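1. Could you look at this predicted model? Sequence included:
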Amino acid sequence: MKKALAVLLCMMMVLAAVPAAFAVNEDVEGELVIYSSMYQFVIDMMDEALKAEFPNLVPGNNGSFFFYGGTSSLITKIYGEMETGTLGCDMMLVAEPAFSLELKDAGYLEPIAIENPAQLLRFPYDQEGYWYPVRVCNMVLAYNPEMEAEWAAKGVTIPKTFKDFAMDPSLKGLISMGNPLTSGTTYAAVASLIQDNHYGKAFLEGLAANNVMIESGSTALTKLQTGECAAIMILEESVLKVLKEAEDAGNPITNLKCIYPEDGVILIPSTVMTVAENHSKNVNIEACEAVEKWLLSEAAQKLILQGYMHSVFAGMTEIPFASVDTESLIKKDLGVDWELAFRNREAINTLWTEIVTAK
């Protein structure tokens, strides 16, 4: 009896020590490809976690579950694939919900039932289950605090609002932002700021008059720190990543800081979508459903926070490194009319080209 009890205790200790080995979704099989606009380091974390969680699911893109591309470039790729009727992926994680509305409208999505989404999520989702938010990007401004006095001496005012960023003439030739034709988050921000209830076409006209530089986030950050730019419009996560990496390296920096605009931030929930079975690469809806539910688990949301993005979970108090409370950001969110952004994508892009890039 004592021997049997000892064996039982040993087994219990082993089970307690390695819960992950018995918690994985070993019954989820087949192959899976996900188109995603997440930064590569976040994709790497997600890949590792998915391989551990789904050991019998085959990564369908050269050993990775993910195919990376900027949202706008992925949209272009998907448009091309739609001509054949079959996409090169089974799921998508893109940066702005307007494309989710478009794909649902085109009949390219499969609804997935998530338990109690209204209680789980603090951001909008499709009531029929065609898309859910997974991560939240935050469009802000940034500046170099070490140069603020120097800029002031030159008559340059660091902007505290998106309006000033575009329209303050003291900033002419000293501002930078991304390209909405290639960046989904920049497209979402532009779509928001030119809404009639915000600044309309005057926002684009201000950018053009101020000779805004259109470039990548990394280039803009470098110019900000070297003094070539006074302010930039950029995702919060890009700034936080630089600050954290510098701190981890033992060389914290003081020449970079976010500005949370006084006229409001622009929160951009990135959605997860499952491709309809008759349009998907691997016809593996069961696996897609399991992965989609995992992306809305606490484990996956912790990875989102490590990726310097905000969690979609209602009641989540944890925030990305050096950020501010998510609920306070929600209260000052300018918002994006996603239906307008979907229906007017070509018109918005044309307006941008004609006013800003043709300046």
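-> Alright, I've got the coordinates. Numbers count the residues shown, from 1 in each chain.

2. C-alpha from now on. contacts and neighbour counts both.
-> Noted.

3. which residues of the stretch 51-200 of the chain fall in strands?
-> 57-59, 66-68, 91-94, 109-110, 132-143, 175-177 (DSSP state E, counting those that start in this stretch).

4. Let me have the ones you listed in JSON lines, extended by mean neighbour count and distance to residue 302.
-> JSON lines is the format used below for those (neighbours: other C-alpha atoms under 10 Å; distance: least, C-alpha to C-alpha, whole Å):
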{"stretch": "strand 57-59", "mean neighbour count": "19", "distance to residue 302": "22"}
{"stretch": "strand 66-68", "mean neighbour count": "22", "distance to residue 302": "19"}
{"stretch": "strand 91-94", "mean neighbour count": "27", "distance to residue 302": "17"}
{"stretch": "strand 109-110", "mean neighbour count": "24", "distance to residue 302": "26"}
{"stretch": "strand 132-143", "mean neighbour count": "25", "distance to residue 302": "10"}
{"stretch": "strand 175-177", "mean neighbour count": "25", "distance to residue 302": "29"}
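
5. out of these, nearest to residue 161?
-> strand 132-143 (8.2 Å; C-alpha to C-alpha).

6. What's the mean pLDDT across the closest one?
-> In this model, strand 132-143 has an average pLDDT of 98.

7. go on, stretch 115-124?
-> 97.

8. Dump the strands of the stretch 51-200 of the chain to CSV, plus distance to residue 348.
-> Converted to CSV, these look like this (distance: least, C-alpha to C-alpha, whole Å):
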stretch, distance to residue 348
strand 57-59, 36
strand 66-68, 25
strand 91-94, 19
strand 109-110, 25
strand 132-143, 18
strand 175-177, 17
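
9. of all those, which lies closest to residue 196?
-> Proximity to residue 196, assessed across the strands of the stretch 51-200 of the chain by C-alpha to C-alpha, is greatest for strand 132-143 (19.2 Å).

10. In terms of secondary structure, what does that closest one contact?
-> Under the contact criterion of 3 or more C-alpha pairs under 8 Å, 6 or more residues apart in numbering; DSSP states H and E, strand 132-143 touches helix 184-193, strand 231-235, helix 236-248, strand 257-259, strand 266-275, helix 298-306, strand 310-311.
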